[in-house]
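> curious how this folds, go ahead:
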Amino acid sequence: MGRLYVFYQLIFLGWILLGSSACARKVIESSKGTGQILNRDIVSWSQPVLIHDKLIIDQEVVIYPGTYVETTSTGKVIFSKPVSIIGQHQVFDEKVNIEFKDGALSVINPVWFGARGYDTQDDTKAFKKTFELVSQLSNPVRIEIPIGKFILSEQIIVDQSLDRRIPIHIQGISNSYNGVSGSSLVWAGGEGNSIFLLKNLSNTLIENLDFGAEVGHYVKHNLELRPFVNQLAIVKCSFSGCAGEGSSNINLNEGNNLQVSEIIFENCTFRGAKGKEKNTYHAVTGGWANTKNFYFSHCSFGPYAHEAIRITTTDILVVEGCTFFENDVDISCETCKSLLQSDYSENSNAFFKGTASANFNATTLINNQFIGNPTEGFVIRDGSGTLILLNNNFGAGNYLPDLNRIRWEETEFNTIYSVGNVYKNSTNDQPPFYNRYNKPFNKEYFESIGDLGGVLGEGKKRLKNNTANK
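Numbers count the residues shown, from 1 in each chain. Below is the predicted model of the structure:
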């Protein structure tokens with residue numbers, strides 16, 4: 001590969017006294033010395049470096065723009081002390097053989113390995129190299145992704161070892177309103193894939209990123225979580241570009257009962273697609289046995305051809321302060337303990353859907369507003385267990401003639417407590433609760449206190465509670 005040119009500059013930083021401009025500096029250059037252990041305070045690189053053999057650097061390193069570190073097939077560079085890289089420039093060859101010892105690297109950037117983000121160049125190799133190095137680190141690290149449109153055509157695997165699961169922080173500088181003009185990761189590969197596959201992670205944060213796809217390209221999932229993942233927070237991210245059968249922006253270990261748990265979503269935007277050619281089925285899907293405990297706060301969902309949030313089983317599901325629009329069903333949780341609070345839904349076909357189950361379920365809806373077009377007049381299509389409804393507005397403010405009723409499993413173990421709710425166009429004396437056979441609910445299995453029905457503009461009607469009907 002030619003001669004080895006290694007340029008080492010040693011900088012000794014002295015105290016700069018008030019009024020003094022002097023600073024001691026010594027520069028050392030070496031074109032030999034591969035394999036040696038250097039014994040200086042700081043190494044400064046600002047020229048191309050080609051490594052033929054193993055080079056161990058046992059002092060702090062500062063890498064400036066203009067550096068390009070490359071290794072031959074027999075070369076390797078090992079950093080044992082902290083490394084500081086200045087600027088947003090490529091300083092490593094994408095195939096470079098490097099190793100960072102414990103504490104040597106706390107921030108890493110795919111631009112350092114050739115990612116560009118400002119043209120149509122495929123950035124996959126640079127991202128793969130970045131996350132390959134992250135998986136080898138023994139200390140927590142932050143992956144910093146600049147503003148730019150980074151093109152990916154192959155799946156990126158983020159995988160720590162099961163026994164250590166080192167925390168990582170994947171951070172964009174900022175997400176964007178349109179999903180492509182912030183720190184944006186854009187798929188340009190084949191269909192049926194996931195852009196990112198996450199495994200063996202704990203106490204991990206993903207924030208300020210756009211996940212999407214080029215026009216004419218679709219993925220099955222933006223993010224796919226597989227065992228083992230716990231305590232993952234996804235904050236201020238946007239998701240789009242998913243389509244096809246079973247598609248969802250985020251797959252929470254669907255079909256697998258090993259641990260993916262304590263997943264938190266905050267201030268995220270989920271963009272689906274509904275059309276003749278391509279539909280996005282769900283925003284988030286999964287949940288089974290030990291895949292559980294999901295929290296959504298102040299997120300936006302829509303439009304989706306099926307359920308926006310579709311959870312099979314979870315101990316805890318909390319959806320709070322979220323907005324839904326133009327979904328077939330906003331939230332579906334088959335066997336769950338769910339709290340849905342202060343959510344707003346517009347032009348969807350239903351707000352909630354559960355299933356009949358012998359397990360104990362408890363669903364609580366507090367202070368939600370639904371202004372939509374309920375299929376068959378059911379704002380809640382199905383469910384079982386205890387249903388608590390408090391101060392919800394089902395349909396008031398919508399001048400369409402749709403009914404807003406509740407369909408629920410009817411047994412002594414499936415009871416409904418409804419207080420202070422509005423059920424638009426429910427004109428019957430009996431509160432609008434129906435069993436799974438579309439028959440009025442047995443008056444022994446519900447309590448309705450202070451609920452209102454009637455047609456907006458034609459007066460409101462206080463619905464009778466079950467005690468009065470006995």
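> C-alpha from now on. contacts and neighbour counts both.
OK.
> for residue 209, see how far away residue 132 is.
Distance, residue 132 to residue 209, using Cα to Cα, to the nearest Å: 20 Å.
> equivalent analysis for residue 254, please.
Applying Cα to Cα to residue 254 and residue 209 gives a distance of 23 Å.
> which one of these two has more residues nearby?
residue 209 (29 against 19; other Cα atoms under 10 Å).
> residue contacts, that one?
Contacts for residue 209 (Cα atoms under 8 Å, 6 or more residues apart in numbering) come out as 171-175, 182-185, 236-238.
> for these, pick the one with the most neighbours.
That'd be residue 184 among those, by other Cα under 10 Å, with 30 neighbours.
> do I have it right that it meets residue 210?
Yes: here residue 184 reaches residue 210: they are 4.4 Å apart, a contact under Cα atoms under 8 Å.
> residues that sit against both of these two, list them.
residue 175.
> now residue 445: phi and psi?
phi -110, psi 10 (degrees, to the nearest 10).
> list the residues that contact it.
Taking Cα under 8 Å, 6+ apart, one finds 410-412, 414-416 in contact with residue 445.
> ok, residue 394 - contacts?
369-371, 379, 404, 421-424.
> helices of the stretch 1-150 of the chain, residue ranges please.
For the stretch 1-150 of the chain, the helices defined by DSSP state H, counting those that start in this stretch occupy 124-136.
> where along the stretch 101-250 of the chain do the strands fall?
Ranges of strands in the stretch 101-250 of the chain, per DSSP state E, counting those that start in this stretch, are 107-108, 141-145, 148-152, 156-159, 168-172, 183-187, 194-199, 201-207, 210-213, 221-225, 229-235, 238-239, 248-252.
> what about the closest residue to residue 398 other than its chain neighbours, distance to residue 308?
Of all residues not flanking residue 398 in the chain, residue 371 sits nearest, at 5.8 Å (Cα to Cα, 6 or more residues apart in numbering). From residue 371 across to residue 308, the span is 16 Å (Cα to Cα).
> quick one: which of these two has more around it?
More neighbours surround residue 308 than the other of residue 371 and residue 308, with 32 against 25 (other Cα under 10 Å).
> output the lowest mean pLDDT helix or strand found in this protein.
Within the chain, no helix or strand scores below strand 9-10, which has a mean of 28 by mean pLDDT, DSSP states H and E.
> what stretches of this protein score poorly on pLDDT?
Scanning the chain for pLDDT under 70 picks out the ranges 1-41, 358-359, 427-430, 454-470.
> can you put the contacts of residue 394 in JSON lines and add distance to residue 110?
Output for these, formatted as JSON lines (distance: Cα to Cα, whole Å):
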{"residue": "369", "distance to residue 110": "43"}
{"residue": "370", "distance to residue 110": "44"}
{"residue": "371", "distance to residue 110": "45"}
{"residue": "379", "distance to residue 110": "47"}
{"residue": "404", "distance to residue 110": "51"}
{"residue": "421", "distance to residue 110": "52"}
{"residue": "422", "distance to residue 110": "53"}
{"residue": "423", "distance to residue 110": "53"}
{"residue": "424", "distance to residue 110": "54"}
